[in-house]
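Chemist: 3D, please:
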Amino acid sequence: MQDEYTRKLEDQRGLFKQLGIKLDALTIHEKDFDVKMRGYEKEEVDRFLDEIIVDYERFYDIVTDLLDKYKEIQRRYANLEEERKALSIRSVRTDSGNVIERQLVEDGIRQMERSLEQFKLHIRKEFEI
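Modeler: Predicted coordinates:
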């Protein structure tokens, strides 16, 4: 369990470094202060630093959750873009703005080519060319 916590703190340190944030929970946890004659009460400072660490851990969880959601949104957007491109490949927009399925157009062209070939054969037979 301690290794997992340490790994989480190291991940947090890496992310905060990328974001330009100097303090992370591990840095706060490892911070030692000099003891002076008229200084602060060590236990009070430690309790306060523990509260800060908890807040930093919450902050880290929120940031990583938001980053995960952002990546998911990017992934969904990329999928939508791929679908949009696939749809545009399957359809053709006419000059008048109508959208026609590409497959229908290709089938119509093939049918016209067959009809033209049959018409040519018919003409050749009719006039014996």
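
Chemist: And the helices in the chain, which stretches?
Modeler: Per DSSP state H, the chain carries helices over the ranges 2-19, 25-30, 42-90, 102-127.

Chemist: And the contacts of the second one?
Modeler: The reference is to helix 25-30. If you take C-beta atoms under 8 Å, 6 or more residues apart in numbering as the criterion, helix 25-30 is touched by 6, 9-10, 12-13, 49, 52-53, 56-57, 60. For glycine as for every other residue, the C-beta is placed from the backbone atoms N, C-alpha and C.

Chemist: can I see the domain layout of the protein?
Modeler: Using automatic domain parsing, the domain ranges for the chain come out as 2-93, 98-129.

Chemist: Compare those and say which comes out lowest on pLDDT.
Modeler: Lowest mean pLDDT within these: domain 98-129, at a mean of 79.

Chemist: Determine how far that one lies from the middle of the whole chain.
Modeler: Taking C-alpha atoms, centre = their mean, to the nearest Å, the mean C-alpha location of domain 98-129 is offset from the chain mean by 47 Å.

Chemist: Check stretch 15-31 too.
Modeler: Stretch 15-31 sits 26 Å away from the centroid of its parent chain (C-alpha atoms, centre = their mean).

Chemist: Ok, stretch 24-38 next?
Modeler: Here stretch 24-38 is found 39 Å from its chain centre; the criterion is C-alpha atoms, centre = their mean.

Chemist: circling back: adding mean neighbour count, write the domains of the chain out as TSV.
Modeler: Formatted as TSV, the domains of the chain follow (neighbours: other C-beta atoms under 10 Å):
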stretch	mean neighbour count
domain 2-93	12
domain 98-129	10
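
Chemist: Tabulate the contacts of helix 25-30 (CSV), appending distance to Lys22.
Modeler: Output for the contacts of helix 25-30, formatted as CSV (distance: C-beta to C-beta, whole Å):
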residue, distance to Lys22
Thr6, 20
Leu9, 15
Glu10, 16
Gln12, 13
Arg13, 10
Leu49, 15
Ile52, 13
Ile53, 15
Tyr56, 11
Glu57, 16
Tyr60, 14
